[in-house]
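A.B. asks: what follows is a protein structure lacking sequence information:
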Ligand SMILES: Nc1nc2c(ncn2[C@@H]2O[C@H](COP(=O)(O)OP(=O)(O)O)[C@@H](O)[C@H]2O)c(=O)[nH]1
Ligand SMILES: Nc1ncnc2c1ncn2[C@@H]1O[C@H](COP(=O)(O)OP(=O)(O)O)[C@@H](O)[C@H]1O
């Protein structure tokens, strides 16, 4: 399903990088921060999730997401191919398990950009994972970013803001919080937390 490291020698479990999870409300800037970080540090591997959501303009299958049908998602879940999955604002999203484990085994730092429900599942199944919460500078700024992105209808924005209230309340469940005021700064802090720099 996803590209795997070629010719990589497995590293012993205690020398493997920790799996890092980045969560936070829709529109807080997760994708922006991750894109910025990976431009300078392409060695960080970002898991590509499967989703039943329809692609936005410019989103590519296999790059931003694996865009799947409801039936295909049912199969991925039934076959145990997902490390975690959740329904978010009317669509399902899940992390393909195999590619994540293969990259960690090869010593590659792995980042998951997933929602709160997914982060909770990773906490259960991979207790060594580092859970990072990305918070907005304020509620008003979150609304501004989500609306300003212009990718969702007012109705979808409303659903995402509803989910955002629950997600913001769950911040104490995370190992650490980064406030997304400056993309550059947050990207740097995230790299440091991942021991990449
Ligand atoms: N649990 C889980 N959540 C995911 C996964 N992939 C993406 N998400 C989350 O689903 C939510 C909606 O994602 P998306 O529709 O791309 O909107 P965006 O994050 O606001 O650009 C976000 O909180 C994502 O982090 C996944 O594999 N599992
Ligand atoms: N630090 C920031 N300051 C101002 N705008 C930002 C910042 N980070 C992200 N944005 C903007 O906010 C919007 C939502 O960001 P995005 O990365 O799509 O969020 P998410 O992936 O968390 O849903 C985008 O229009 C993006 O350009």
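C.D. replies: That came in fine, so what should we check first? Computed from a predicted structure; not experimentally measured. Ligands and ions are numbered 1, 2, ... in the order given.

A.B. asks: how many residues are close by residue 188?
C.D. replies: Residues lying near residue 188 (other CB atoms under 10 Å) number 16. Heads up, the C-betas are built off the backbone N, CA and C, glycines and all.

A.B. asks: backbone dihedrals for it, please?
C.D. replies: Dihedral pair for residue 188: phi -60, psi -50, per degrees, to the nearest 10.

A.B. asks: check it and give its pLDDT.
C.D. replies: Residue 188 carries a pLDDT value of 96.

A.B. asks: pretty sure it contacts residue 196?
C.D. replies: No - here residue 188 does not reach residue 196: they are 10.1 Å apart, not a contact under CB atoms under 8 Å.

A.B. asks: quick one: the residue of the chain found nearest ligand 2 from residue 110, how far?
C.D. replies: Proximity of the chain to ligand 2 (CB to the nearest ligand atom) peaks at residue 29, 2.8 Å away. Noted for residue 29: a distance of 20 Å to residue 110, by CB to CB, to the nearest Å.

A.B. asks: all helices of this protein, in order?
C.D. replies: 30-40, 70-78, 97-105, 116-125, 139-149, 154-169, 183-193 (DSSP state H).

A.B. asks: identify whichever of those helices lies nearest to residue 15.
C.D. replies: Residue 15 lies closest, by CB to CB, to one member of the helices of the chain: helix 97-105, at 10.7 Å.

A.B. asks: gap between residue 181 and residue 134?
C.D. replies: With CB to CB as the criterion, residue 181 and residue 134 are 11 Å apart.

A.B. asks: show me which of these two is the more surrounded one.
C.D. replies: The residue with more neighbours, out of residue 181 and residue 134, is residue 134; 23 against 13, by other CB under 10 Å.

A.B. asks: which residues touch the residue nearest to that one when sequence neighbours are not counted?
C.D. replies: Excluding the flanking residues, the one nearest residue 134 by CB to CB, 6 or more residues apart in numbering is residue 24, at 3.4 Å. By CB atoms under 8 Å, 6 or more residues apart in numbering, residue 24 lies in contact with 30, 133-136, 167, 180.

A.B. asks: save those as CSV, and put in distance to ligand 1 and pLDDT too.
C.D. replies: Formatted as CSV, these follow (distance: CB to the nearest ligand atom, whole Å; pLDDT from 0 to 100):
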residue, distance to ligand 1, pLDDT
30, 6, 97
133, 12, 98
134, 10, 98
135, 13, 98
136, 12, 98
167, 8, 96
180, 13, 98
